[in-house]
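Chemist: Build me a model:
(chains A and B)
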Amino acid sequence: MSVVLLVAQVSRATEDRGFQWALVLACWASVVVALAALVVRTVQRGRKLAAQVPEEQRRWM
Amino acid sequence: MVASTSSPGTRILGVAVGAGLAVLLLFALVLSPADAVQEETVRMFYVHVPTALIAFTAFFVTVGASVGYLVRRTEWWDIVAGASAEMGAVLLVATLVSGALWGRVTWGVYWTWDARLTLTALLFVLVLGYLAVRRLPLERGQRSRVSAVVGLLLAPTTIACHYATTWWRTLHQSQTVTTTDAKLDGLMLFTFALGMIVFGLLYGWLMIHRFRILWLENRVEDLSLDAAIADRLREAQPDAPRTSPTLTGSGIPGATG
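Modeler: Residues are numbered from 1 along each chain as shown, chains lettered A, B, ... in the order given. Okay, here's the model as predicted:
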């Protein structure tokens, strides 16, 4: 009986760990992907705007 | 070379941020140990707390720059305020997402209306409102003035949000690392410090780019206005020489090349 309980406990713990890891990975992945998208968007926007402004007005960059 | 908002300094900073983020991921997900109580979920701590603290810092920069604008009335202060608020908003989204996922494991719910979370939501709505005000179709000086006044509202909200766990009884845990008796040690403390450095550098790097973008937006707005005025003058005096300012690229209303 105690062995069954122990197995059940370990199984439950493993399941919990899996759920925890799923949320941890979802958390980090969403943050990294969002930041990468922001970087790409920022670079694209910067290029588009810089192309519209004469060089002498953005020489300080 | 392609025109952009990059410079040698920002490129070095960008490489440092990319490398730092890779190392942070290694420490947060692999090398740092699981917590005795929170187990694996503690790994969300290394993104949740640094993004929150850097977001708060960003909002204080916005407040400081708003005060600077109201005193000096120069474009530089206005743009610093706007760029910092944009970065703060992005980092606050990361805080809210990581906090919701962490809350699901720790509290059993993604969201609850306790003081800290409610004030964070309020802060987010406020900064979105601030960014919306910055897009109002007003004369630039008037828009900057209104933005600066709205930006000042970020100060009390950010302070209340930061001290919410001290001032009220909340479900959210109290301060872990900003008190004198930090409850972290070893690899956990190192990973947290690394997270602060990496997200701090990320804030600085993107802040420079956002600053330059806002500055360029103002220049494009000026050039468009000059071109439109020149067009109207030419319409009124058909024989007058073409004096429209030259715009490189295309897509600007009134650009005459």
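Chemist: Check B:A58 and give its pLDDT.
Modeler: With respect to pLDDT, B:A58 scores 97.
Chemist: any idea which element it lies in?
Modeler: helix B:45-72 (DSSP states H and E).
Chemist: quick one: is that helix near chain A?
Modeler: Yes: looking at helix B:45-72 against chain A by Cβ under 8 Å from any Cβ of the partner chain, the contacts come from B:V47, B:H48, B:T51. C-beta here means a position set from N, CA and C on the backbone, and glycine is covered the same way.
Chemist: what's the answer for stretch B:124-132, then?
Modeler: No: residues of stretch B:124-132 contacting chain A under Cβ under 8 Å from any Cβ: none, with a closest distance of 14.0 Å.
Chemist: Please enumerate the helices of the chain.
Modeler: Because you didn't say which chain, this covers chain A. In chain A, the helices defined using DSSP state H lie at A:2-52.
Chemist: was after chain B, sorry
Modeler: Going by DSSP H, chain B shows helices at B:8-26, B:45-72, B:75-106, B:115-133, B:140-152, B:154-167, B:186-236.
Chemist: Among these, which comes closest to A:R59?
Modeler: Closest to A:R59 of the helices of chain B, according to Cβ to Cβ: helix B:186-236, at 12.1 Å.
Chemist: Skipping adjacent residues, who's closest to A:V43 in space?
Modeler: In this structure, A:V43 finds its nearest non-sequential neighbour in B:S4, 6.7 Å apart by Cβ to Cβ, 6 or more residues apart in numbering or on different chains.
Chemist: From A:V53, how far out is the one you found?
Modeler: B:S4 is 11 Å from A:V53, where distance means Cβ to Cβ, to the nearest Å.
Chemist: Show me which residues of the helix holding B:A58 are buried.
Modeler: Residues of helix B:45-72 classed as buried: B:45-70 (neighbour count, 16 or more other Cβ atoms under 10 Å in any protein chain shown).
Chemist: show me the contacts for B:Q237.
Modeler: Under the criterion of Cβ atoms under 8 Å, 6 or more residues apart in numbering or on different chains, the contact list for B:Q237 is empty.
Chemist: and it, backbone torsions?
Modeler: With angles defined as degrees, to the nearest 10, B:Q237 sits at phi -130, psi 80.
Chemist: quick check, distance from stretch B:209-224 to the centre of its chain.
Modeler: Offset of stretch B:209-224 from its chain centre (Cα atoms, centre = their mean, to the nearest Å): 18 Å.
Chemist: Then stretch A:19-38?
Modeler: The answer for stretch A:19-38 is 3 Å, by Cα atoms, centre = their mean.
Chemist: Give the buried residues for it.
Modeler: Result for stretch A:19-38 [16+ other Cβ under 10 Å]: buried residues A:Q20, A:L23, A:V24, A:C27, A:W28, A:S30, A:V31, A:L35, A:L38.
Chemist: Same question for stretch B:154-169.
Modeler: By neighbour count on 16+ other Cβ under 10 Å, the buried set for stretch B:154-169 is B:L154, B:A155, B:T157, B:T158, B:I159, B:A160, B:C161, B:H162, B:A164, B:T165.
Chemist: What about the residue nearest to the last one when sequence neighbours are not counted, how many residues nearby?
Modeler: Which is B:T165. With Cβ to Cβ, 6+ apart as the criterion, B:T165 has its nearest non-adjacent residue at 4.6 Å, and that residue is B:S174. B:S174 has 12 neighbours, counted by other Cβ atoms under 10 Å in any protein chain shown.
Chemist: Near chain A, which residues of the stretch 1-150 of chain B are found?
Modeler: Taking Cβ under 8 Å from any Cβ as the contact definition, the stretch 1-150 of chain B meets chain A at B:2-7, B:21, B:25, B:28-29, B:39-41, B:43-44, B:47-48, B:51, B:90, B:93-94, B:97-98, B:101-102, B:104-105.
Chemist: try 6 Å this time
Modeler: Selection of the stretch 1-150 of chain B residues close to chain A by Cβ under 6 Å from any Cβ of the partner chain yields B:3-5, B:7, B:39-41, B:43-44, B:47, B:90, B:94, B:97-98, B:101, B:105.
Chemist: what's the closest of those to B:F211?
Modeler: Closest to B:F211, out of all of these and judged by Cβ to Cβ, is B:T5, at 8.6 Å.
Chemist: which ones are touching the nearest residue to the closest one once chain neighbours are set aside?
Modeler: The spatially closest residue to B:T5, leaving aside those adjacent along the chain, is A:G46, at 3.3 Å (Cβ to Cβ, 6+ apart). Residues near A:G46 by Cβ atoms under 6 Å, 6 or more residues apart in numbering or on different chains: B:S4, B:T5, B:I213.
Chemist: For the first one, which residues are in contact?
Modeler: Residues touching B:S4, when contacts are defined by Cβ under 6 Å, 6+ apart, comprise A:G46, A:R47, A:A50.
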